[in-house]
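J.: one predicted model, sequence on top.
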Amino acid sequence: MSDYFEESDLDNEFEGTEESAQVEDYSQRNVLRESMIKLLLSPAPKSLEQLQYEDDLEPPREIQPDEIAAIPQIGTKAATDDLIDDLDKNIELEEARIQATLRAQKLEFLKSAERAKRCEHIKSDGETCGSAAMRGQQYCYHHAQAHASDLELPLIEDHRSLQIAYARLARQVSTNRIDANQAKLLIQILQKASAIAFTNSTAS
């Protein structure tokens, strides 16, 4: 037996080593590929928002009166923190119920307002007022005052009441219920009353 390796033996040994390296590399790549596939197929970790949402789906633990009475005797901070957490959840639930009730009432009010009869007063541009009419009436409060059949003038307290007075007066003139001389006299009375009312309101 020769003490020297022949060239063919060296080639065989090199090829064997290379094949082993390739097998090992391929095996490592398979493991890495399987790990990546497993990672991709696994569910993503839940966010804090998801965890909070799932926690909100569960009703809070009902707090018993004896637990409240025993608060001074709680021996550990952890137990106190747990009770505070349960109390907070009950408080949040009650606050949510109150908000839901208020919103439901607001919704019903809006629906009722939407169904209400509308004021039939026709404005100078030809459009109707559109405000909610008073119950059982044809007009809203403001235009009901202006459409009053008699010449009962309102107490002059502000610009709005003065506007109503002028509107009533103009309506009486336009329907010939009062003559021009009466109208002039009433206008003078209204001007003096408004001057006094506005002076008093400014001084106060």
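T.: Right, received. Where do you want to start? If you're wondering where the values come from, they're calculated on a predicted model, not measured in any experiment.
J.: for residue 159, grab phi and psi.
T.: As for residue 159, its main-chain torsions (degrees, to the nearest 10) stand at phi -60, psi -30.
J.: what mean pLDDT does the top helix by length along the chain have?
T.: Here the longest helix in the chain is taken by residue count, with DSSP state H as the criterion, and it is helix 77-115. Mean pLDDT, computed over helix 77-115, is 90.
J.: so which bits of it are buried?
T.: By 16 or more other C-beta atoms under 10 Å, the buried positions in helix 77-115 come out as 83, 87, 89. Every C-beta, even on glycine, is put in place using the N, C-alpha and C of the backbone.
J.: stretch 60-75 too?
T.: For stretch 60-75, the buried set under the neighbour-count rule, 16+ other C-beta under 10 Å, comprises residue 60.
J.: identify the residue nearest the geometric centre of the chain.
T.: The centroid of the chain falls nearest to residue 103 when counting by C-alpha atoms, centre = their mean (9.2 Å).
J.: distance of that residue from residue 115?
T.: Here the criterion is C-beta to C-beta, to the nearest Å. By it, residue 103 lies 19 Å from residue 115.
J.: by mean pLDDT, which helix or strand of the chain comes out lowest?
T.: helix 7-41 (a mean of 60; mean pLDDT, DSSP states H and E).
J.: burial of residue 183, as a residue count?
T.: Applying other C-beta atoms under 10 Å, we find 14 residues neighbouring residue 183.
J.: with residue 37 instead?
T.: As a burial measure, residue 37 scores 10 neighbours (other C-beta under 10 Å).
J.: that one and residue 31, how far apart?
T.: With the distance defined as C-beta to C-beta, residue 37 ends up 11 Å from residue 31.
J.: alpha carbons of stretch 166-176, as CSV, please.
T.: Below are the C-alpha coordinates for stretch 166-176, written out as CSV (Å, rounded to 0.1, in the frame of the first residue of the first chain):
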residue,chain,number,x,y,z
TYR,A,166,-93.8,97.0,13.4
ALA,A,167,-94.9,93.9,11.6
ARG,A,168,-98.3,93.9,13.2
LEU,A,169,-98.8,97.5,12.5
ALA,A,170,-97.8,97.0,8.8
ARG,A,171,-100.2,94.1,8.5
GLN,A,172,-103.1,96.2,9.9
VAL,A,173,-102.3,99.0,7.4
SER,A,174,-102.1,96.6,4.5
THR,A,175,-105.5,95.1,5.3
ASN,A,176,-107.0,98.6,5.8
